[in-house]
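> Okay, sequence plus prediction incoming.
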Amino acid sequence: MKNTKRLQYSFFLTLSLSFFSCKSLDPFASPDLVSAPQAYSRVNFPLEIPFETLTNLANQRIPPVLFSEEKMDMGNGIQGDLQFSRNGLVEINGVDAERLELTFPIHLEGELGLKPGGLRNLFQNKVPISQDFNPKILVNPEVYPNWSLGVSEFNLLDLGGDISLNVLGFQLELNSLIQREIKDFATKNLVGKRDLIPVKPMVDQAWNQVGKPIYVDFFGKEMAFSIQPDSVKISEKINPGSGYQFNLGLAGKVNAHPADAAPSRAFPLPTLTPNTSEVNELEIRIPLFISYAEIDEILNGYFENQLIRINKTTVFTSRNFKTQAYGEKLGIWMDFTAIQENKDPIEGRLFLVGLPSFELEENAMAFREVDFYLESESKKAKTAAALKKRKIIRQLDKKLRFPLGDTFESGIAGIQERLSLETPVANLSVVNLQIDQEGFYPGKLGLVSHILAKGKMEVRWK
């Protein structure tokens, strides 16, 4: 109510001075409109997973039995039924920007024997084997465009133990055989496999929450907007002594929707492309729209037939507000009546134009470069207006305000809520969020307003 009264008085205080005829403004002209730029947004976030967290995740997901095989060809006429199992916690450390070193405790269990034929006919029994070793493995992880994590390089640095058997008094050394089996397994099942660890389901689950519409209040009208990504970028590097870093980037246009017609789900994500940026930044442009009919309704609701006292002898009333685009400015037509004691009322039409701008301290839409045109049969009004033109313009520049209400507060709350994500291992949130009005753009059907939100992303590991 306070905002309404303040708006009414400040508005009519300035309008009441506008009894003039301005020769420079042609209200019937059609200046070229300035199109609103595309509302394009982007988010870039360097997400570093600490080695401690990465190690915990790996140990949670690596199965107890790594692989097993019967009648495994070990070479030199030897075959075995072997099972390789985890024998403790895996350790992960960074070697350089591309490679990780894994220490992998393994328990080897099974039986070894000779292949059929030859000496096998003399030695039918298989020899049991049960040994532990801790191989060190060097891998180069890679994220593929199909949203899968794979390995492009696999090197066995050290077997981490001596594996041998005593057969009929002979010490049989198996290190080279086991090394070859591990390398063969990695070549067949790990290196270059583009679907080794699919991450798309996890990404889709997160995006389905983050990518849903955000709701914002604009001039008392609830609107929704959603990001339609046309680019998703990723790169990864290893920070030795620190963690495994993913540089995540997303960009796309922002679509505005009526609150009751917002999409129920997020837009699909495109194919991955390389990311060259490690900057932490969030920049979202929110395109808000209000039709001229809706603006007219607001103005008529505030001002129509309201009696505003200008001084001791004069009151002012207006009605029939009609808004329109006037080039890059907003134009407002209205009918008015000025009533003075012991004098005939002055009737007329007033056309105001101004360049919409934002006043941060007042949280209101204001007008710069104000001009006006008056239609009235009162010569006295025209003469007074011509003499006081500059003063009237200065007063209009200072007083003409339209409060934006909860637009920014609802925008901040909506973005923080939508881009916050809680997972079992980490919480993701927006920090240092600032929202500002980037521009007003009068169009053919209504007024477009761009709100710009800037901030950073923050992750807290559990």
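That came through, no problem.
> which stretches of this protein form helices?
With helices called from DSSP state H, the chain shows them at 2-15, 51-61, 175-189, 200-210, 292-303, 379-387, 389-399, 407-418.
> Which of those comes out lowest on mean pLDDT?
Among those, helix 2-15 has the lowest mean pLDDT, at a mean of 51.
> Show the contacting residues for the spatially closest residue to residue 44 that is not a sequence neighbour.
Distances taken as Cβ to Cβ, 6 or more residues apart in numbering put residue 249 closest to residue 44, at 4.4 Å, once the chain neighbours are dropped. To be clear about C-beta, it is placed using only N, CA and C from the backbone, and glycine gets the same treatment. Counting by Cβ atoms under 8 Å, 6 or more residues apart in numbering, residue 249 makes contact with 42, 43, 44, 45, 231, 232, 233, 234, 275, 277.
> Would you mind giving me the confidence score for residue 249?
93.
> now residue 269
At residue 269, the pLDDT value in this model is 89.
> Need phi/psi at it.
Per-residue torsions, residue 269: phi -90, psi 140 (degrees, to the nearest 10).
> all strands for the stretch 201-350 of the chain, in order.
Ranges of strands in the stretch 201-350 of the chain, per DSSP state E, counting those that start in this stretch, are 214-218, 221-239, 243-258, 272-274, 281-291, 308-309, 314-326, 329-340, 346-359.
> got it, and the stretch 51-200 of the chain?
65-75, 78-86, 91-94, 100-103, 106-114, 127-133, 136-144, 148-158, 164-167, 170-173, 197-198.
> Which strands or helices does the fifth one pack on?
Other helices and strands packing on strand 106-114, by 3 or more Cβ pairs under 8 Å, 6 or more residues apart in numbering; DSSP states H and E, are strand 65-75, strand 78-86, strand 127-133.
> What residues sit buried inside that strand?
In terms of neighbour count (16 or more other Cβ atoms under 10 Å), strand 106-114 has its buried residues at 106, 107, 108, 109, 110, 112, 113, 114.
> Parallel or antiparallel, list what pairs with it.
Strand pairing for strand 106-114, using DSSP bridges, gives strand 78-86 (antiparallel), strand 127-133 (antiparallel).
> Could you give the separation of the shortest one from the chain centroid?
So that's strand 127-133. Chain-centre distance of strand 127-133: 53 Å, with Cα atoms, centre = their mean, to the nearest Å.
> now swap in the first one and tell me
Distance, stretch centre to chain centre, for strand 78-86: 49 Å (Cα atoms, centre = their mean).
> and that strand, what's its mean pLDDT?
On average, the pLDDT along strand 78-86 is 85.
> so it versus helix 175-189, what angle?
70 degrees (axes from the mean of the first three to the mean of the last three Cα atoms, to 10 degrees).
> Buried ones in strand 78-86, by neighbour count?
Applying a neighbour-count criterion of 16+ other Cβ under 10 Å, the buried positions in strand 78-86 are 78, 79, 80, 81, 82, 84, 85, 86.
> Beta-bridge partners for the fourth one, please?
It stands for residue 81. Residue 81 has these beta-bridge partners by DSSP bridges: residue 111.
> which stretches of the stretch 351-462 of the chain have low pLDDT?
Low-confidence segments of the stretch 351-462 of the chain (pLDDT under 70): 360, 380-412.
> Pull the number of nearby residues for residue 443.
When neighbours are defined as other Cβ atoms under 10 Å, residue 443 has 15 of them.
> wait, it sits on residue 291?
No. Contact criterion Cβ atoms under 8 Å: residue 443 and residue 291 do not qualify, at 9.7 Å.
> anything in contact with each of these two?
If you check residue 443 and residue 291 against Cβ under 8 Å, 6+ apart, no residue is contacted by both.
> Alpha carbons of stretch 352-371, as CSV, please.
Listed next in CSV are the C-alpha coordinates belonging to stretch 352-371 (Å, rounded to 0.1, in the frame of the first residue of the first chain):
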residue,chain,number,x,y,z
LEU,A,352,4.9,10.8,-22.0
VAL,A,353,8.0,9.0,-23.4
GLY,A,354,11.1,8.0,-21.5
LEU,A,355,14.0,5.6,-21.7
PRO,A,356,13.4,2.8,-19.1
SER,A,357,16.2,2.3,-16.7
PHE,A,358,16.8,0.7,-13.3
GLU,A,359,17.3,2.5,-10.0
LEU,A,360,19.1,0.2,-7.6
GLU,A,361,18.5,2.1,-4.4
GLU,A,362,14.8,2.4,-5.0
ASN,A,363,14.4,-1.1,-6.7
ALA,A,364,12.3,0.6,-9.3
MET,A,365,12.0,1.2,-13.0
ALA,A,366,12.7,4.8,-13.7
PHE,A,367,12.9,6.9,-16.9
ARG,A,368,15.7,8.9,-18.4
GLU,A,369,15.6,11.3,-21.4
VAL,A,370,11.9,12.1,-20.6
ASP,A,371,9.8,14.1,-23.1
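> Can you give the distance of that stretch from its chain's centre?
30 Å.
> ditto for stretch 351-359
With Cα atoms, centre = their mean, you get 31 Å for stretch 351-359.
> Enumerate the positions of it that are buried.
By neighbour count on 16+ other Cβ under 10 Å, the buried set for stretch 351-359 is 351, 352, 353, 354, 355, 356, 358.
> next one: stretch 329-340
Along stretch 329-340, these residues count as buried under the neighbour rule (16+ other Cβ under 10 Å): 329, 330, 331, 332, 333, 334, 335, 336, 338.
> Count the neighbours of residue 292 for me.
Residue 292 sits with 21 neighbouring residues when counted by other Cβ under 10 Å.
> Next up, the contacts around it.
Going by Cβ under 8 Å, 6+ apart, residue 292 touches 322, 323, 324, 445, 446, 447.
> Separate out the buried members of the residues you listed.
Listed as buried from the contacts of residue 292 are 322, 323, 324, 446, 447; burial here means 16+ other Cβ under 10 Å.
> Save those as CSV, and put in distance to residue 221 too.
Converted to CSV, those look like this (distance: Cβ to Cβ, whole Å):
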residue, distance to residue 221
322, 19
323, 15
324, 19
446, 11
447, 12
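> Looking at the residues you listed, which one is closest to residue 439?
Of all these, residue 447 has the smallest distance to residue 439: 10.8 Å, by Cβ to Cβ.
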